[in-house]
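Visitor: Okay, structure incoming, though there's no sequence with it:
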(Lines give C-alpha, C1' and ligand atoms only; values in the text may rest on other atoms or scores of the structure.)
Protein backbone atom coordinates (compact mmCIF):
# COMPACT_ATOMS: atom_id res chain seq x y z
CA UNK A 1 0.00 0.00 0.00
CA UNK A 2 1.18 3.52 -0.87
CA UNK A 3 1.23 6.13 1.86
CA UNK A 4 -1.09 9.07 1.44
CA UNK A 5 1.45 11.73 2.39
CA UNK A 6 3.69 11.35 -0.68
CA UNK A 7 4.29 14.51 -2.62
CA UNK A 8 3.57 14.27 -6.28
CA UNK A 9 5.69 16.61 -8.46
CA UNK A 10 3.80 19.44 -9.98
CA UNK A 11 4.24 20.94 -13.43
CA UNK A 12 6.45 23.65 -11.92
CA UNK A 13 8.67 20.97 -10.37
CA UNK A 14 9.02 19.25 -13.76
CA UNK A 15 9.90 22.58 -15.37
CA UNK A 16 12.63 23.19 -12.77
CA UNK A 17 13.99 19.63 -13.21
CA UNK A 18 14.04 20.10 -16.97
CA UNK A 19 15.75 23.49 -16.66
CA UNK A 20 18.39 22.12 -14.26
CA UNK A 21 18.98 19.07 -16.49
CA UNK A 22 19.34 21.23 -19.62
CA UNK A 23 21.65 23.61 -17.75
CA UNK A 24 23.83 20.70 -16.58
CA UNK A 25 23.98 19.23 -20.09
CA UNK A 26 24.93 22.63 -21.56
CA UNK A 27 27.66 23.09 -18.94
CA UNK A 28 29.06 19.62 -19.73
CA UNK A 29 28.96 20.34 -23.47
CA UNK A 30 30.84 23.64 -22.98
CA UNK A 31 33.44 21.92 -20.77
CA UNK A 32 33.90 19.12 -23.33
CA UNK A 33 34.26 21.64 -26.18
CA UNK A 34 36.79 23.65 -24.17
CA UNK A 35 38.73 20.50 -23.35
CA UNK A 36 38.76 19.44 -27.02
CA UNK A 37 39.93 22.90 -28.09
CA UNK A 38 42.69 22.87 -25.47
CA UNK A 39 43.87 19.43 -26.60
CA UNK A 40 43.80 20.51 -30.26
CA UNK A 41 45.66 23.75 -29.50
CA UNK A 42 48.28 21.93 -27.44
CA UNK A 43 48.76 19.30 -30.12
CA UNK A 44 49.08 21.96 -32.81
CA UNK A 45 51.56 23.96 -30.73
CA UNK A 46 53.66 20.86 -30.05
CA UNK A 47 53.60 19.89 -33.72
CA UNK A 48 54.63 23.37 -34.85
CA UNK A 49 57.32 23.60 -32.19
CA UNK A 50 58.67 20.20 -33.17
CA UNK A 51 58.70 20.96 -36.88
CA UNK A 52 60.13 24.45 -36.37
CA UNK A 53 62.72 23.24 -33.91
CA UNK A 54 63.75 20.42 -36.18
CA UNK A 55 64.03 22.75 -39.16
CA UNK A 56 65.97 25.31 -37.12
CA UNK A 57 68.36 22.84 -35.47
CA UNK A 58 68.90 20.50 -38.38
CA UNK A 59 72.29 21.11 -39.85
CA UNK A 60 73.04 20.96 -43.52
CA UNK A 61 75.24 18.14 -44.76
CA UNK A 62 79.00 18.70 -44.39
CA UNK A 63 79.30 19.15 -48.16
CA UNK A 64 76.58 21.79 -48.19
CA UNK A 65 78.16 23.61 -45.25
CA UNK A 66 81.61 23.79 -46.84
CA UNK A 67 80.69 24.14 -50.52
CA UNK A 68 77.53 26.27 -50.48
CA UNK A 69 76.64 29.83 -49.55
CA UNK A 70 73.62 32.10 -49.53
CA UNK A 71 74.31 35.44 -51.21
CA UNK A 72 72.00 38.23 -50.00
CA UNK A 73 71.17 41.41 -51.92
CA UNK A 74 71.24 43.60 -48.81
CA UNK A 75 72.57 43.48 -45.26
CA UNK A 76 69.46 41.69 -44.01
CA UNK A 77 68.27 38.09 -43.90
CA UNK A 78 64.91 39.37 -45.16
CA UNK A 79 66.41 40.54 -48.44
CA UNK A 80 66.50 38.67 -51.74
CA UNK A 81 69.08 35.90 -51.88
CA UNK A 82 70.45 33.17 -54.10
CA UNK A 83 72.37 30.05 -53.23
CA UNK A 84 75.70 29.27 -54.88
CA UNK A 85 78.21 26.48 -54.50
CA UNK A 86 81.71 25.33 -55.28
CA UNK A 87 82.33 22.28 -57.45
CA UNK A 88 83.95 19.19 -55.97
CA UNK A 89 85.28 17.79 -59.25
CA UNK A 90 86.79 19.12 -62.43
CA UNK A 91 85.93 17.49 -65.76
CA UNK A 92 88.68 17.70 -68.35
CA UNK A 93 88.05 18.00 -72.08
CA UNK A 94 88.51 14.25 -72.53
CA UNK A 95 85.89 13.48 -69.86
CA UNK A 96 88.36 12.66 -67.10
CA UNK A 97 87.06 13.63 -63.68
CA UNK A 98 89.63 15.05 -61.29
CA UNK A 99 88.71 15.77 -57.68
CA UNK A 100 89.45 19.32 -56.61
CA UNK A 101 91.27 20.13 -53.41
CA UNK A 102 88.94 20.36 -50.41
CA UNK A 103 87.81 23.79 -49.31
CA UNK A 104 90.03 24.84 -46.42
CA UNK A 105 88.27 28.08 -45.50
CA UNK A 106 84.52 27.83 -46.19
CA UNK A 107 83.94 31.50 -45.24
CA UNK A 108 86.50 32.71 -47.79
CA UNK A 109 85.04 30.34 -50.42
CA UNK A 110 81.55 31.68 -49.68
CA UNK A 111 82.72 35.28 -50.11
CA UNK A 112 84.52 34.35 -53.34
CA UNK A 113 81.41 32.61 -54.73
CA UNK A 114 79.15 35.51 -53.80
CA UNK A 115 81.63 37.99 -55.29
CA UNK A 116 80.92 36.21 -58.57
CA UNK A 117 77.20 36.77 -58.05
CA UNK A 118 77.83 40.47 -57.49
CA UNK A 119 80.22 40.57 -60.47
CA UNK A 120 77.42 39.58 -62.86
CA UNK A 121 74.98 42.02 -61.19
CA UNK A 122 72.61 39.20 -60.27
CA UNK A 123 70.56 41.42 -57.96
CA UNK A 124 70.26 44.25 -60.50
CA UNK A 125 71.89 46.91 -58.35
CA UNK A 126 73.87 48.35 -61.27
CA UNK A 127 77.27 47.40 -59.89
CA UNK A 128 78.53 44.55 -62.03
CA UNK A 129 82.13 43.48 -62.09
CA UNK A 130 82.58 43.68 -65.87
CA UNK A 131 80.87 45.66 -68.56
CA UNK A 132 81.25 45.16 -72.29
CA UNK A 133 82.52 48.09 -74.29
CA UNK A 134 81.04 47.91 -77.82
CA UNK A 135 83.64 50.03 -79.64
CA UNK A 136 86.84 48.54 -78.18
CA UNK A 137 85.68 44.94 -78.28
CA UNK A 138 87.23 44.26 -74.86
CA UNK A 139 85.97 44.30 -71.33
CA UNK A 140 86.76 47.00 -68.81
CA UNK A 141 86.19 46.88 -65.10
CA UNK A 142 83.02 48.58 -63.95
CA UNK A 143 82.43 49.93 -60.46
CA UNK A 144 83.72 47.45 -57.91
CA UNK A 145 81.43 45.08 -56.09
CA UNK A 146 80.62 46.05 -52.51
CA UNK A 147 82.64 44.65 -49.65
CA UNK A 148 81.18 41.31 -48.68
CA UNK A 149 80.88 39.81 -45.21
CA UNK A 150 80.25 36.14 -44.44
CA UNK A 151 78.17 35.14 -41.41
CA UNK A 152 77.24 31.67 -40.22
CA UNK A 153 73.59 30.62 -40.39
CA UNK A 154 72.07 28.26 -37.77
CA UNK A 155 72.15 25.39 -40.29
CA UNK A 156 75.93 25.76 -40.70
CA UNK A 157 75.84 27.26 -44.20
CA UNK A 158 77.48 30.64 -44.74
CA UNK A 159 75.45 33.72 -45.65
CA UNK A 160 77.23 36.54 -47.44
CA UNK A 161 76.01 40.13 -47.27
CA UNK A 162 77.12 43.35 -48.97
CA UNK A 163 78.54 45.83 -46.50
CA UNK A 164 78.34 49.44 -47.56
CA UNK A 165 80.82 51.99 -46.29
CA UNK A 166 77.94 53.70 -44.48
CA UNK A 167 77.26 50.59 -42.37
CA UNK A 168 78.26 51.27 -38.74
CA UNK A 169 79.53 47.68 -38.40
CA UNK A 170 81.54 47.66 -41.65
CA UNK A 171 84.88 46.98 -39.99
CA UNK A 172 83.67 44.57 -37.31
CA UNK A 173 82.55 41.12 -38.55
CA UNK A 174 81.29 40.08 -35.12
CA UNK A 175 79.10 43.18 -34.73
CA UNK A 176 77.90 42.99 -38.34
CA UNK A 177 76.84 39.34 -38.02
CA UNK A 178 75.15 40.06 -34.69
CA UNK A 179 73.26 42.94 -36.33
CA UNK A 180 71.81 40.59 -38.99
CA UNK A 181 71.04 37.93 -36.35
CA UNK A 182 73.71 35.40 -37.29
CA UNK A 183 77.01 34.10 -35.92
CA UNK A 184 80.37 35.48 -37.03
CA UNK A 185 82.35 33.31 -39.45
CA UNK A 186 84.49 30.50 -38.14
CA UNK A 187 88.12 30.86 -39.15
CA UNK A 188 90.09 27.63 -39.44
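Guide: Looks like it came in fine. These numbers come from a predicted model, not from an experiment.

Visitor: Tell me where the model's unsure across this protein.
Guide: Across the chain, the ranges flagged by pLDDT under 70 are 1-3, 5, 52-65, 126-146, 187-188.

Visitor: how about the strands in it?
Guide: In the chain, the segments counted as strands under DSSP state E are 68-72, 81-85, 89-91, 97-99, 130-132, 139-141, 147-152, 158-163.

Visitor: mind putting those in CSV, mean neighbour count and distance to residue 182 included?
Guide: Glycine gets a C-beta too; all of them are placed from N, C-alpha and C. What follows is the strands of the chain, written out as CSV (neighbours: other Cβ atoms under 10 Å; distance: least, Cβ to Cβ, whole Å):
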stretch, mean neighbour count, distance to residue 182
strand 68-72, 24, 10
strand 81-85, 16, 13
strand 89-91, 10, 30
strand 97-99, 9, 31
strand 130-132, 11, 30
strand 139-141, 10, 31
strand 147-152, 22, 4
strand 158-163, 24, 6
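
Visitor: I'd like these as a markdown table, with distance to residue 25 appended.
Guide: Listed next are those as a markdown table, based on distance: least, Cβ to Cβ, whole Å:
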| stretch | distance to residue 25 |
| --- | --- |
| strand 68-72 | 58 |
| strand 81-85 | 58 |
| strand 89-91 | 73 |
| strand 97-99 | 75 |
| strand 130-132 | 79 |
| strand 139-141 | 82 |
| strand 147-152 | 60 |
| strand 158-163 | 59 |
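
Visitor: Select, out of those, the one closest to residue 113.
Guide: The closest of these to residue 113 is strand 81-85. By Cβ to Cβ, the value is 4.4 Å.

Visitor: Show me what that closest one pairs with in its sheet, parallel or antiparallel.
Guide: Applying DSSP bridges, strand 81-85 is found paired with strand 68-72 (antiparallel).

Visitor: For stretch 156-170, which outside residues touch it?
Guide: 59-60, 64-65, 68-77, 81, 106-107, 110-111, 113-114, 118, 145-153, 175-176, 179-180, 182, 185 (Cβ atoms under 8 Å, 6 or more residues apart in numbering).

Visitor: no wait, stretch 171-188
Guide: 75-77, 104-107, 149-154, 158-159, 161, 163, 167, 169-170.

Visitor: and residue 14, which of the strands of the chain is closest to it?
Guide: Comparing these by Cβ to Cβ, strand 81-85 comes nearest, at 73.1 Å.

Visitor: Next, the angle strand 158-163 makes with the closest one.
Guide: In terms of direction (axes from the mean of the first three to the mean of the last three Cα atoms, to 10 degrees), strand 81-85 departs from strand 158-163 by 130 degrees.
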